[in-house]
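Asker: here is my input; please provide its structure:
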Amino acid sequence: MAYIETKTVGGREYMYLRHSVRLPGGRIVHKNVRYLGPVKPVYKRKRKRRDNSRIFVRKLTDDEKHVLEKGKSSPAAFTRDRARIILFSSERLSCLSIAGKLNCDVRKVRKTIKEFNERGIACLERGKAKGAEPKFTREQRAKMLEIASTDPVKLGQHYTTWSLRKLKRYFEGEEVVESISTASIRTILKTEGMNWRKSKRFQYSNDPEFAKKNFESTG
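Answerer: Residues are numbered from 1 along each chain as shown. Coordinates of the predicted model:
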């Protein structure tokens, strides 16, 4: 025998389908209990999806119309496309329609309209990309140049010739920088006007007049 049983849980009623079997002797055993759901189901309302295709540009001024009409013929594709999008939108064309006319992505149309409403005509100019932040500070670069121009012996080194690898080892060992490549060292020296060949040598002589003669010979 099958029947529906109702239970109240947390103030709400739920239905269960039960199968009962009468055994010899009169004892009833319940088998195959199946959940059927709430007696009064609550259906959640679906939120209406926001339709971004129905956004439009604000009302244009005469000066803005003049700039936009001129922008339609701009040699820069970025400016030309944006001017057309804004003018089409001012005619109350949807984003989907504008994207179809210009054969572009609808996201590009929406972005252009939003930027125009926020920034005005300035949105016709492409913003400059932010350059990468310098890896080394001005003080670090100055210190590296000072070391590369100094006699290694005066800095407590046992050699008289700087090489890029020796500079790297010295910069990192003295904690001028945490880490640096030989290619970066070469670039820094070249950028600051130091012509770095394979190595920079410092010559010595027992002659007391060596420094003066060396200066005159190289001057």
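Asker: from here on, just use CA atoms for contacts and neighbour counts.
Answerer: Noted.
Asker: roughly how far apart are the residue sitting furthest away from the middle of the chain and A2?
Answerer: Farthest-out residue of the chain from its mean C-alpha position, per Cα atoms, centre = their mean: G25, at 77.6 Å. Distance of G25 to A2, computed by Cα to Cα, to the nearest Å: 20 Å.
Asker: domain ranges for the protein?
Answerer: 2-38, 52-124, 138-218 (automatic domain parsing).
Asker: Throw the ones you listed into TSV and include mean pLDDT, thanks.
Answerer: Converted to TSV, the domains of the chain look like this (pLDDT from 0 to 100):
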stretch	mean pLDDT
domain 2-38	77
domain 52-124	91
domain 138-218	76
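Asker: for this structure, what spans make up the strands?
Answerer: 2-9, 12-22, 28-38, 161-162, 200-201 (DSSP state E).
Asker: winner for burial among the ones you listed?
Answerer: strand 161-162 (a mean of 18; mean count of other Cα atoms under 10 Å).
Asker: tell me how far that strand lies from the chain's centre.
Answerer: Strand 161-162 sits 42 Å away from the centroid of its parent chain (Cα atoms, centre = their mean, to the nearest Å).
Asker: now stretch 17-29
Answerer: 68 Å.
Asker: same deal with stretch 172-183?
Answerer: On Cα atoms, centre = their mean, the centre of stretch 172-183 falls 28 Å from that of its chain.
Asker: that stretch: which residues count as buried?
Answerer: By neighbour count with 16 or more other Cα atoms under 10 Å, stretch 172-183 contains the buried residues V176, V177, I180.
Asker: how long is that stretch end to end?
Answerer: 15 Å.
Asker: ok, and what's touching that stretch?
Answerer: With contact meaning Cα atoms under 8 Å, 6 or more residues apart in numbering, stretch 172-183 is reached by F136, Q140, K143, M144, L164, R165, K168, F171.
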